[in-house]
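[1] My questions concern the predicted model and sequence given below.
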Amino acid sequence: MSPNAFQTETEDTEDDGPEHFVGYNRDHSIIVTYSYYGFVDLELSDRAYRLSEKALAGAIVEVAKLAHQRAMAHLRELQLNLGTSRRVLDRRGLPTTADVDALQQKIEEDPDI
């Protein structure tokens, strides 16, 4: 498993609360947080507002997709540890850590995000 496959945020969560997964762009001006249950938070820095409305909207969607994919890839790993077969998880469309790493790389290389 890649060391950067999952970035979790636990400082703001309660011990018994759901784990949070963070997606961010290259300069961390857009940060989206997800849990297994869905969207948690969106943080935009002043730098993010320098983008056009269309570019900002597209960047938010890509970063949110990354946070969501991190949560689902972590869920996949939990399911694998519980004995669910990879084939079943592939049919469900749960991403792998490689999928998450590829999306992070795409975001980091895209000059518009």
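    Nice, I can see it. Numbers count the residues shown, from 1 in each chain.
[2] Next, name the residue at the spatial heart of the protein.
    residue 67 (1.6 Å; CA atoms, centre = their mean).
[3] Let's verify the residue nearest to that residue when sequence neighbours are not counted: helix, strand, or coil?
    Closest residue in space to residue 67, ignoring its immediate chain neighbours: residue 23 at 3.3 Å, by CB to CB, 6 or more residues apart in numbering. Yep, even glycine has a C-beta here, placed from its N, CA and C like the rest. Residue 23 carries the three-state label strand when classified by DSSP: H, G, I helix; E, B strand; the rest coil.
[4] returning to what we had before: and the residue nearest to the centre of the chain, what is it in contact with?
    Residue 67 sits next to 21-23, 32-34 when contact means CB atoms under 8 Å, 6 or more residues apart in numbering.
[5] One more: residue 112?
    Applying CB under 8 Å, 6+ apart, the residues near residue 112 are 51, 55, 58-59.
[6] do residue 25 as well
    59, 62-63, 107-108, 113.
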